[in-house]
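Visitor: Fold the following for me, if possible:
(2 chains)
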Amino acid sequence: MAGLGKRLAFRLLKKTSFLLITDLCNVVIDKYSEIYGSRSAGIKKYAQIIREESMGVTADIVETPILFGISMRSFLSKNLRDFTFIIELVFYTVLGEKCAYFVSKPEYLPAELSGKKLPQYIIKIVHCPFCYNITKEKEDASTLEPGVTHGTWFAKLMEGMIQGIMDYTGLEYRVDGEETQCFMNGHDYGELTYTLYPKEKSGGK
Amino acid sequence: MDFSRKEGVGQDSNIFSRGDPQKFFQMKLSTIFLRIVYPGVLTAFLTEYDFETAKKHVWDLGYRVSKYVFNYFKTKSTEFEKIMAEIGEKLWGTKFKVQFDKQKGTYLISPRSCPLCDDMPPLEVKGLHNCFPLEGFFTGYFELLKEHHLFDYKDMFCKVLQSKGSGADSCLYEVKITI
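Guide: Numbering: from 1, shown residues only, chains lettered A, B, ... in the order given. All right, here's what the predicted structure looks like:
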């Protein structure tokens, strides 16, 4: 039912060119880099804005009717394993079936299997519309601050979205997302990693 | 997980495996996504700068985007109306209705749905519109068409006259082209 719904939802929603919008995001980073003095500062500034915005918009995505007035809310579950399906649903609702050219199905890593001994989600970026045209001459990845990559802002966008859905569902986790692999660092694919910290523990931020 | 750089691999060595721009270009994105990546940028400019500077930055967003876009999307038509139709349909995902105002000698363009206003939170700032970057975009894109001898003109002026995001019934842009 959700499979049919996500197709209908994407068909019904207003759409624009994906690449046009990724270009807009790259232009914002270019401008912020000039304004705030470095590429790292520009990416971090955009990431900060994006995270807040994505949390706010998430509720609207969850409430978007995807089939006969039924919204994504109906498919939310407190089982962390089911969350990969929700992330997939979000990608499909926003990008349609061609999202497979961009990201692969998210993977759930239970606490016992993760290096941090905390639940994690891994999203593989198969092809990257954010850096496909970013040469070293334009942005030298080796000069970025540790922990900052070109896709940090997108990692934070997804962090805000996952956090928003977690909060909506009543799951008591703080989500921390990073781009753990990046084409621009020589990797064969990009990778976003989301770690879930129990909210009652300080865990970082 | 591997945060580090891959040793001995040049940054640009895998640039062709990162993705095909034409395949990305075929992908359509729900405008919901735009609500995440765009309004916060407008707000940040308006809160951190005086109005005129903020406005310049917003205009410049559109201008710079046109330079990126031109690398993978060049219109095929040689008439203004048809060029606008191509930009509307293939790029912005909408239809631009183009009318020529004989008295003023300008083109009036109204999008069926404005990608930067529809589904976007309203912008209640006098003198600025959600779709203001389109002024910069059209200016930059036509500059490139001229530079590449794809459409010739002497002078061009573009203005967003009204915007749905600012309370109007529809968006309306004015373009004056001197051939």
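
Visitor: residue closest to the middle of chain A?
Guide: Centroid-nearest residue in chain A, with CA atoms, centre = their mean: A:Met158, separated by 2.4 Å.

Visitor: Doesn't that residue belong to a helix?
Guide: Yes: assigned with DSSP: H, G, I helix; E, B strand; the rest coil, A:Met158 falls within a helix.

Visitor: so it touches A:Leu192, yeah?
Guide: Yes: here A:Met158 reaches A:Leu192: they are 6.0 Å apart, a contact under CB atoms under 8 Å. The C-beta positions use only the backbone N, C-alpha and C, and glycine is treated the same way.

Visitor: what residues are shared contacts of these two?
Guide: Contact criterion CB atoms under 8 Å, 6 or more residues apart in numbering or on different chains; residues shared by A:Met158 and A:Leu192: A:Ile123, A:Gly177.

Visitor: roughly how far apart are the residue nearest to the centre of chain A and B:Phe151?
Guide: 40 Å (CB to CB, to the nearest Å).

Visitor: Kindly report the same for A:Glu145.
Guide: From A:Glu145 to B:Phe151 the distance is 43 Å (CB to CB).

Visitor: Tell me the confidence at B:Arg5?
Guide: Confidence at B:Arg5, expressed as pLDDT, is 65.

Visitor: wait, I meant A:Arg11
Guide: Reading off the model, A:Arg11 has pLDDT 61.

Visitor: likewise the one 3 residues further on?
Guide: In this prediction, A:Lys14 carries a pLDDT score of 77.

Visitor: Give me the neighbour count for the residue nearest to it when sequence neighbours are not counted.
Guide: Spatial nearest neighbour of A:Lys14, chain neighbours left out: B:Thr31 (4.6 Å); criterion: CB to CB, 6 or more residues apart in numbering or on different chains. B:Thr31 has 23 neighbours, counted by other CB atoms under 10 Å in any protein chain shown.

Visitor: Hmm, A:Phe18 and B:Thr31 touching each other?
Guide: No: assessed by CB under 8 Å, B:Thr31 is found out of contact with A:Phe18, at 11.1 Å.

Visitor: just the strands in chain B please.
Guide: Counting by DSSP state E, one finds strands in chain B at the ranges B:28-30, B:96-101, B:106-111, B:155-162, B:172-178.

Visitor: closest to chain A out of those?
Guide: Comparing the strands of chain B by their distance to chain A (CB to the nearest CB), the top pick is strand B:28-30, with 4.0 Å.
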